[in-house]
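Undergrad: have a look; sequence and predicted model below, questions after that.
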Amino acid sequence: MVSAGNAQSGLVWLVPEVGALPRDASGMQVREGRDLITATYAHIGPNVRDTSRRYAGNNLACTNCHLQAGTKKFGLPLFGLFGAFPQYSARSGNEISIEDRVNSCMTRSMNGRAMPVDAPEMQAMVAYIKFLSSGVPSGVTLPGMGAGNMPELDRAADPVRGRPVYARACLGCHNTDGSGVRNSIPSSAMGYMMPPLWGPDSFNNGAGMARLSTIANFVHFNMPHGADYLNPQLNVEEAWDVAAYVVSQARPQKAGLEHDFPNRLDKPVDAGFGPYADGFSQQQHTYGPFAPIRAALEKLRSEKK
Ligand code: HEC
Ligand code: HEC
């Protein structure tokens, strides 16, 4: 169990325990949602027998990124966020529901197709995410959300420097070619023991994890597997450079990314795809340094007002 105290409110909140739920219809739906998040590939992956249930386009599991089934601080947790939806999405330029947000990971992180809102699998995942917000008062942001926020570098992150870091600290699990290690033969719906970081069965270039700041912070605070925010294993520089090395590798490309962030001034500085409002190169948007871009965007925003 992970505790998540909140300094302002004095609230001490613990991730609720799925096993404590009654085995009634709603308790079983939450369990099913947790299973979908921990073994996504076995239920809605590209190799499941029932082709109508093939929503995910790769054999990842949500929990490969939303660590410990969405309960790990700074491991992209899924707790405490249900009440924040619907919310404005800068990426789509309009208000989105929690189902839209799940589908955003389905079509990008999972490189798949959107699920209908009334699909039983969607409803179960949302029931689990809602359960992970049990007892969180509305408007309260729990500590530990996202993937953390380490200092940035003054220089561009460097794939060439990241390569030996990968060889030393990642390759033993994620494989020489970043393709991970399967649980069983590739055509089975058994997923990975060690998930791929690039290549055809990885997240696509429109995914949050494809953005340098997201993957660098995620790696700093969670990798090698077992590290956490209290005990990072890589220093800040190594984390940025190894993230740059992973980002520089080939992965599935999502069509239509030019429609993301219709208000270009709201586009994250580290979006690796154009168009951009600020005149900086795609190279600098991909690897940094980001401070000059941020300053230019701030200037453009104040001019607009
Ligand atoms: C490859 C990594 C990865 C995988 C796999 C993945 N996600 Fe995500 N997810 C992310 C990242 C990164 C974010 C934050 C995105 C951002 O920076 O905006 C996110 C955000 C979310 C959010 C919003 C969280 C918030 O704080 O508002 C939800 C809900 C979510 N994912 C659900 C899922 C579900 C359900 C699955 C499986 C079907 C899944 N994700 C698979 C990386 C992943
Ligand atoms: C001891 C084995 C191990 C090592 C070493 C390791 N990882 Fe991981 N990594 C994992 C596992 C296992 C997961 C999936 C997490 C889960 O399901 O709990 C993961 C998940 C990830 C993810 C998100 C999922 C995905 O497929 O994209 C990224 C990114 C990642 N690791 C990057 C790295 C980097 C970079 C390094 C080196 C600094 C590294 N890892 C070192 C085992 C490892």
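TA: Cool, got the structure. These numbers come from a predicted model, not from an experiment. Ligands and ions are numbered 1, 2, ... in the order given.
Undergrad: drop to CA atoms for contacts and neighbour counts, all remaining ones
TA: OK.
Undergrad: what residues does the stretch 51-200 of the chain have near ligand 1?
TA: 60-62, 64-65, 78, 101-102, 105-106, 109-110 (CA under 6 Å from any ligand atom).
Undergrad: what's the PyMOL line that selects buried ones from the residues you listed?
TA: Here is the PyMOL command that picks out the buried ones among those, judged by 16 or more other CA atoms under 10 Å:
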select buried, resi 60+61+62+64+65+78+102+105+106+109+110
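Undergrad: closest one of the residues of the stretch 51-200 of the chain next to ligand 1 to residue 173?
TA: residue 64 (13.3 Å; CA to CA).
Undergrad: what sits closest to the closest one if chain neighbours are left out?
TA: residue 195 (7.0 Å; CA to CA, 6 or more residues apart in numbering).
Undergrad: hmm, that neighbour is touching residue 60, no?
TA: Yes. Between residue 195 and residue 60 there is a contact under CA atoms under 8 Å: 6.5 Å.
Undergrad: now stretch 175-184: buried residues?
TA: If you call a residue buried by 16+ other CA under 10 Å, then stretch 175-184 has these buried ones: 175, 178-182.
Undergrad: and the two most separated of those residues?
TA: Of all pairs in those, the most separated under CA to CA is 178 and 182 at 12.0 Å.
Undergrad: quick one: contacts for the residue nearest to residue 64?
TA: The contact partners of residue 195, by CA atoms under 8 Å, 6 or more residues apart in numbering, come to 60, 64, 174, 179-182.
Undergrad: and residue 31, which of the three is it?
TA: helix (DSSP: H, G, I helix; E, B strand; the rest coil).
Undergrad: from what I can see it touches residue 18, true?
TA: Yes. With contact defined as CA under 8 Å, residue 31 counts as touching residue 18 (6.8 Å).
Undergrad: so these two - more neighbours on which side?
TA: residue 31 (19 against 15; other CA atoms under 10 Å).
Undergrad: for the chain, what spans make up the strands?
TA: For the chain, the strands defined by DSSP state E cover 3-6, 11-14, 87-89, 94-96, 181-182, 192-194.
Undergrad: list the strands paired with the second one, with their directions.
TA: Put plainly, it is strand 11-14. With DSSP bridges as the test, strand 11-14 is paired with strand 3-6 (antiparallel).
Undergrad: now do the fifth one
TA: Strand 181-182 pairs in its sheet with strand 192-194 (antiparallel), by DSSP bridges.
Undergrad: now do the third one
TA: According to DSSP bridges, strand 87-89 has the following sheet partners: strand 94-96 (antiparallel).
Undergrad: the partner strand: how far from the chain's middle?
TA: 19 Å (CA atoms, centre = their mean, to the nearest Å).
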